[in-house]
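Student: Got a predicted model here, sequence first, then my questions.
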Amino acid sequence: MENKGIILFDGVCNLCNGFVQKVIAADGKDYFRFASLQSKAAQDLLKNHPEFKELKTIIYLEEGNIYTRSTAALKISKHLTGAWPLLQTGYIFPTFLRDGIYNLIAKYRYQWFGKKDQCMIPTAELQSKFLEN
């Protein structure tokens, strides 16, 4: 996926699915592609990176680099339209602090936002944005 940012997300997490929907809506340049962490596509992308296989967080791949947690969210936000790029100000906070907050939300995301029984199935018009499973 040359010249595309790839977002890997927890496909059964309601919060994560909501985030993906927001990104799709603000992706004015059709820059992003998506795959659930549970998919074969995500497993293939991470096959040479065993350190990321057990992560239950957002993983963002861009130009050969892999970003996780709050850094992934900040890197994603810079490509979006609207007010999203303002999140770049989050870089003023050290990573350990940003990731601490991210990890707290991630820990309770199923309790606070719920969980699906299966991964999100994209509609026909969004199918091209998702990597094949």
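Tutor: Received it, and whenever you're ready, just let me know what you need.
Student: After the helix-or-strand element of the chain with minimal mean pLDDT, which helix or strand is next?
Tutor: Taking mean pLDDT, DSSP states H and E as the measure, the helix or strand of the chain with the lowest value is helix 40-45, at a mean of 89. Scanning forward in sequence from helix 40-45 by DSSP states H and E, the next helix or strand is strand 59-62.
Student: so what strands line up beside that following strand?
Tutor: strand 5-9 (antiparallel), strand 65-68 (antiparallel) (DSSP bridges).
Student: In the protein, which helix is the longest?
Tutor: In the chain, taking DSSP state H as the definition, the longest helix is helix 95-113.
Student: Tell me the helices and strands packed up against that helix.
Tutor: helix 14-26, helix 69-77 (3 or more CB pairs under 8 Å, 6 or more residues apart in numbering; DSSP states H and E). Where you see a C-beta, it was placed from the backbone N, CA and C, and this is true even at glycine.
Student: Now do it: everything it contacts.
Tutor: 13-16, 18, 56-57, 69-71, 73-74, 90 (CB atoms under 8 Å, 6 or more residues apart in numbering).
Student: Least reliable of the helices and strands packed on helix 95-113 by average pLDDT, please.
Tutor: Mean pLDDT is lowest for helix 14-26 out of the helices and strands packed on helix 95-113, coming in at a mean of 91.
Student: list the buried ones in that one?
Tutor: Residues Asn14, Leu15, Cys16, Asn17, Phe19, Val20, Val23, Ile24, Ala26 are the ones in helix 14-26 that count as buried (16 or more other CB atoms under 10 Å).
Student: wait, Leu37 sits on Lys53?
Tutor: No: Leu37 is beyond contact range of Lys53, at 9.3 Å (criterion: CB atoms under 8 Å).
Student: Between the two, point out the one with more neighbours.
Tutor: Leu37 (23 against 11; other CB atoms under 10 Å).
Student: how close does the more buried one sit to Thr81?
Tutor: For Leu37, the distance to Thr81 (CB to CB, to the nearest Å) stands at 26 Å.
Student: swap in Ile6?
Tutor: 19 Å.
Student: And the two? Which one has more around it.
Tutor: Ile6 (18 against 11).
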